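Asker: Next come a sequence and a model predicted from it.
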Amino acid sequence: MRIPKLYESEPTPCPEKIIYQRYYLPSHRGFYWLIAELDPKEKLAFGYACLNDPELAEWGYISIQELEEIGAVLDKNWKPCPFKEALKQMRGEEH
């Protein structure tokens, strides 16, 4: 499945966007980034970032290079799904 380029899924409301990738910090439970759009050449993504506090989580631009530098790992088992479903999966992992 091809990940949309930056701005390509802009007409789709965030709650309905498809999440194509997930990055997470293995050493920090509750730290994850859900990727909806990607510019692989620039290593820049648009997605949802949660840093162990769902109340402060937000949509925005994410540097893949910075994620890699802090030790974030691409979840190779992630299956693309709508954002609502992705959040349910994340909440399930928190317990």
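Answerer: Great, that's in hand. Residues are numbered from 1 along each chain as shown.

Asker: This protein: strands as residue ranges?
Answerer: Secondary structure of the chain (DSSP state E): strands located at 18-19, 21-24, 31-39, 44-51, 58-63, 73-74, 81-82.

Asker: pLDDT (mean, whole number) over the third one?
Answerer: Computed over strand 31-39, the mean pLDDT rounds to 97.

Asker: for the last one, same thing?
Answerer: Along strand 81-82, the predicted local confidence has a mean pLDDT of 97.

Asker: What pairs with that strand, parallel or antiparallel?
Answerer: Strand pairing for strand 81-82, using DSSP bridges, gives strand 18-19 (antiparallel).

Asker: ok, back up a step: of all the strands of the chain, which one comes closest to Met1?
Answerer: strand 18-19 (8.3 Å; CB to CB). Just so you know, the C-beta spots here come from the backbone N, C-alpha and C atoms, and that holds for glycine as well.

Asker: which outside residues touch that closest one?
Answerer: Outside of strand 18-19, the residues that reach it under the criterion CB atoms under 8 Å, 6 or more residues apart in numbering are Ser9, Leu34, Ile35, Ala36, Gly47, Tyr48, Trp78, Pro80, Cys81, Pro82, Phe83, Ala86.

Asker: So which of those wins on neighbours?
Answerer: Most neighbours among those, by other CB atoms under 10 Å: Leu34, with 27 neighbours.

Asker: residues contacting that residue?
Answerer: By CB under 8 Å, 6+ apart, Leu34 lies in contact with Ile19, Gln21, Arg22, Gly47, Tyr48, Ala49, Cys50, Phe83, Ala86, Met90.
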